[in-house]
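Novice: A structural model of the following input is requested.
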Amino acid sequence: MTSDSVAGPAPALARPASVWRQSPGRVVGHVARTYSLPILLIISVLIYGLWGGGVSAAFNSAASWRNIASGQAVTGVLTLGILLTLTSGNFDLSIGNICGLSAVMTGAAYSRWHLPLVLGLLVGVAIGAAVGGINGYLSTTLRVDPFIITLGTASIILGFVDWYTKGQSIVNGIPHSLLDFGRTNFLGIPEVAWVLGIVALLIYYVLEHTPYGRALHAIGSNRAAAKLVGIRVERTITSAFALTGAFAGVAGILLVAYSGSANPAIGPTFTLTALASAFLGAVSFKVGRLNVPGTIVAIFFLSINIAGLTYAGVQNWITEVFTGLTLILAVALAAVLSKERKAKRSTSTEQTRNPA
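Specialist: Got it, this is the predicted structure:
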């Protein structure tokens, strides 16, 4: 005999009317709130697409759109990878550095160690996963804030890469097949952009349709409660860091393929943009919650605006300020919307327990 049969059927709750059946004002408000970022993306495209003085011609060209798509493959894979760690309620400030380290070691695998193509790729991914796993292990074992652990890791990687490369890019010995992959198109779309699409589908499936994804959400929502229901919190967090590192390794390989070299200085520059995109993505679709569709839109919102500002001839510092302000705004909005979401969920739970 089940508990439901003892207690009797739960009282029916009045279901709220569908959003689309409410007043036009409420419908507009719902659309503006839920799809604010896609709307801003469309507005941005229209602004730069209609901008005079040759900006629109450069922005609307097929080459420009292919550059945007291929150029965001690295940032996109990096951002999608960090969603796993962020969903568990942890930060990783070393992802850009891990990406740069994986790029350098992949280049070294070919140029200095003369490894075959596949082994070189495995080196890049394995190094990323190893460093990410160390981050997770240290943060859970030492019980130190991952913010501090990953900040220290980022500094160590920076020093190691500078020592190993002597500040010089690795150019020679990289297989032509890898370089061709970074420069050619499939069905008119850069091949590296297809990797971004595959990673997006994979991360979406993991976070939304697997027990592992539900465990990450549970840990991020309430770590103590997650442990009480039997989730192995420390192991899950460590694995999330390792997977984030592995995807940073994939991003490092794409960086080598796209740029044609392993530049020791470029990796850390991706961290800020990746974090900005991840948090900005939480303001659309599943409002207040990190999600893959919102993240993809955020990635291209940032890249299109930066590309448009570049075509408009603004100075480099303006694009840096734009990215920094976007990160601050995104984090603030994500925090506010997350609190609102939790408050609504708490209210709904109370109504279920104590129906009128």
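Novice: does Leu255 sit in a helix, a strand or a coil?
Specialist: helix (DSSP: H, G, I helix; E, B strand; the rest coil).
Novice: Enumerate every residue touching it.
Specialist: 74, 99-100, 103, 262-263, 266-267 (CB atoms under 8 Å, 6 or more residues apart in numbering). Using the backbone N, CA and C atoms, a C-beta is placed for each residue, glycine as well.
Novice: Which of these fall within helices?
Specialist: Among these, the ones falling in helices (DSSP state H) are 74, 99-100, 103.
Novice: Which single one of the contacts of Leu255 is nearest to Ala130?
Specialist: Top of the list for closeness to Ala130, among the contacts of Leu255 and by CB to CB, is Cys99 at 14.0 Å.
Novice: That closest one reaches Gly267, doesn't it?
Specialist: Yes: checked against CB atoms under 8 Å, the pair Cys99 and Gly267 is within contact range at 4.7 Å.
Novice: Which stretches in this protein count as strands?
Specialist: In chain order, the chain shows strands spanning 185-186, 189-190, with DSSP state E as the criterion.
Novice: Buried deepest among these, which one?
Specialist: Stretch with highest mean neighbour count among these: strand 189-190 (a mean of 20; mean count of other CB atoms under 10 Å).
Novice: tell me the mean pLDDT for it?
Specialist: The average of the pLDDT scores along strand 189-190 is 89.
Novice: Stretch 321-337 now?
Specialist: So the average pLDDT for stretch 321-337 ends up being 76.
Novice: what's that stretch in contact with?
Specialist: 272-273, 275-276, 279-280, 282-283, 287-288, 290, 298, 302, 305-306, 309.
Novice: can you rerun that using 10 Å?
Specialist: Residues outside stretch 321-337 that contact it (CB atoms under 10 Å, 6 or more residues apart in numbering) are 33, 36-37, 86, 269, 272-284, 286-290, 298, 301-302, 305-306, 309, 314-315.
Novice: Likewise for stretch 31-42?
Specialist: 19-20, 280-287, 293-295, 297-298, 300-302, 304-305, 330, 333, 337.
Novice: which parts of stretch 222-241 are buried?
Specialist: Going by neighbour count (16 or more other CB atoms under 10 Å), the buried part of stretch 222-241 is 223, 226, 231, 233-234, 236-241.
Novice: and the end-to-end length of it?
Specialist: Terminal residues of stretch 222-241 lie 18 Å apart, using CA to CA, to the nearest Å.
Novice: just to revisit the earlier point, so which of the buried residues of stretch 222-241 are in helices?
Specialist: Per DSSP H, the buried residues of stretch 222-241 map to helices at 223, 226, 233-234, 236-241.
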